[in-house]
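J.: got a structure for you, letters missing:
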């Protein structure tokens, strides 16, 4: 029983008009809403609010476009934050159909365990844990052929039923788009403080076009934007050291978009074949190639994110 | 050949820009919605949510049921006319959009699916699941294409495997599918797409052109067989 909004024209499933106005015509939930069944607030939202009260910072990693490096970024953000052994970090993968996080974190084949206090996430390090639907699938060929409502249910369980423990950072990796997964994560986290979203793009207009929509989504649901990361930003040939723009920024890249929309550009990460290899092998390229321009760019970006989060902490404790 | 492209990526519709179709109005006629044609000869017909939006930056923040409903309309209510081939471009995943397309195309014949991957295991890992989706829904797999397959430096001609190597062929072998071919990383292809230009017209001498042509030839042959 989904209680969250169905579309942006939706009057809201808890409103007086639920199921009764013209924008409800044709919505498959119309009858249900009109019957009044959806008016009670979803108790899970408050439960999740309580459960995640011991999570200091929550960061969503979003993109309008697929294939830009969201999961790579999320995984390495988690690694970088956890390199401080005094911090507790967790990575939640809500890409239900295409869960890449287990592989990138070197956790393929791991399974989730149940305990008295809920599901245990899978630990990569003492202070770094991961949860993904990938851990619930028994074969790498298994397809998760689920429509929206079932995906939403899984996301609710991930937030409410996983024994995350006390965390300094919870990073949420998402699939591309502005749909069920994105609405659900925002809805289910609505009783908690979310620091904001990091938005990933490549330099191309075809990517930026979708990223602008993602930015609008964030504005619509009042999700603060920490900043934008431009991935795949140039390639230095290992042989002749010349730079090529493989994905040319025909409309000015993320830099121009951020200037136009008054958003922080957190950094530009160049293409490096060693990144793909590390991800395929489940190792952090921040450890493997720490002196590479890509790793250095990442570290600067992570630092900006850490500063943003600690400014938030200060702001909250003084209000 | 008269070809249609149906773009069912509702959250991230890229087809209008790539085919320089801008945002013309979608008109209604007696037989339904008129697709957008890229030229006067009407050789390429398009439909995308991109054509229905006033503001191109507006987010389509829809849950599954509303996406399913629009895709149903795209299949049933667009007056495609006589087409030799209808291509359906999908977003990543195995969810509402994919199920909606198949359910609505059920009454027509679906020749099959072409699956696109990059060479990396992180990509083929997801495409394996897409293959399962096709098998479970009875969609014939026409073959696998490996995109972003190496980059030849324009300065020194050194080939770099930026997104790893060989994943497409390995995936085809692993799953018993046909490997249709590889397409290299090509900044000129990227730029053409950005500017809505026809790469195949502009760069017929390129290795990328050969790769794409050869894949198309193989595909057309298997469709006609």
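T.: Yep, that arrived. Remember, predicted model here, so these are calculated numbers, not experimental data. Numbering: from 1, shown residues only, chains lettered A, B, ... in the order given.
J.: need the helix or strand of chain B with the lowest average pLDDT.
T.: Least confident helix or strand of chain B, by mean pLDDT, DSSP states H and E, is strand B:28-29 with a mean of 84.
J.: Now do residue B:174 against chain A, distance only.
T.: As for residue B:174, its distance to chain A is 9 Å (criterion: Cβ to the nearest Cβ, to the nearest Å). (Each C-beta comes from the backbone N, C-alpha and C, glycine too.)
J.: Ignoring the adjacent residues along the chain, who's closest to the residue of chain B most remote from its centre?
T.: Distance to the chain centre peaks in chain B at residue B:156, reaching 32.2 Å (criterion: Cα atoms, centre = their mean). For residue B:156, ignoring the flanking residues on the chain, the nearest one in space by Cβ to Cβ, 6 or more residues apart in numbering or on different chains is residue A:240 at 3.9 Å.
J.: who's in contact with the one you found?
T.: For residue A:240, the contacting residues are B:153, B:155-156, B:158, by Cβ atoms under 8 Å, 6 or more residues apart in numbering or on different chains.
J.: If we use 10 Å, what do you get?
T.: Remark: with contacts taken as Cβ atoms under 10 Å, 6 or more residues apart in numbering or on different chains, residue A:240 is in contact with B:153-158.
J.: cool, residue B:196 as well?
T.: Residues in contact with residue B:196, defined by Cβ under 10 Å, 6+ apart, are B:16-22, B:38.
J.: do that again at 6 Å, thanks
T.: Contacts were defined as Cβ atoms under 6 Å, 6 or more residues apart in numbering or on different chains; by that measure residue B:196 touches B:17, B:20.
J.: Also the one 3 residues further on?
T.: When contacts are counted by Cβ under 6 Å, 6+ apart, residue B:199 is found next to B:189, B:192.
J.: On the pLDDT front, check it for me.
T.: Residue B:199 is assigned a pLDDT of 93 by the prediction.
J.: check contacts around the nearest residue to residue B:129 once chain neighbours are set aside.
T.: Using Cβ to Cβ, 6+ apart and skipping residues adjacent in sequence, the residue nearest residue B:129 is residue A:143, 4.3 Å away. By Cβ under 6 Å, 6+ apart, the contact set of residue A:143 is B:94, B:129, B:132-133.
J.: Backbone dihedrals for residue 123, both of them.
T.: Just going to use chain A. The phi and psi torsions at residue A:123 (degrees, to the nearest 10) take the values phi -90, psi 130.
J.: quick one: what helix or strand has the nearest residue to it once chain neighbours are set aside in it?
T.: When the adjacent residues along the chain are set aside, residue A:123 lies closest to residue A:129, with 4.9 Å between them (Cβ to Cβ, 6+ apart). Counting by DSSP states H and E, the secondary-structure element that holds residue A:129 is strand A:128-132.
J.: who in chain B is up against chain A?
T.: Contact residues (Cβ under 6 Å from any Cβ of the partner chain) of chain B with chain A: B:11-12, B:14, B:57, B:59, B:61-66, B:92-96, B:120-122, B:125-126, B:128-129, B:132-133, B:153, B:155-156, B:158, B:160-164, B:185, B:187, B:190-191, B:194.
J.: In helices only, show me those residues.
T.: Among the residues of chain B next to chain A, the residues falling in helices (DSSP state H) are B:64-66, B:96, B:121-122, B:125-126, B:128-129, B:132-133, B:187, B:190-191, B:194.
J.: circling back: what helices and strands are in contact with the strand holding residue A:129?
T.: Counting contacts by 3 or more Cβ pairs under 6 Å, 6 or more residues apart in numbering or on different chains; DSSP states H and E, strand A:128-132 packs against strand A:89-93.
J.: Let me see the mean pLDDT of whatever helix or strand comes next after the strand it packs on.
T.: Per DSSP H and E, the first helix or strand lying C-terminal to strand A:89-93 is helix A:101-104. Averaged across helix A:101-104, pLDDT comes to 97.
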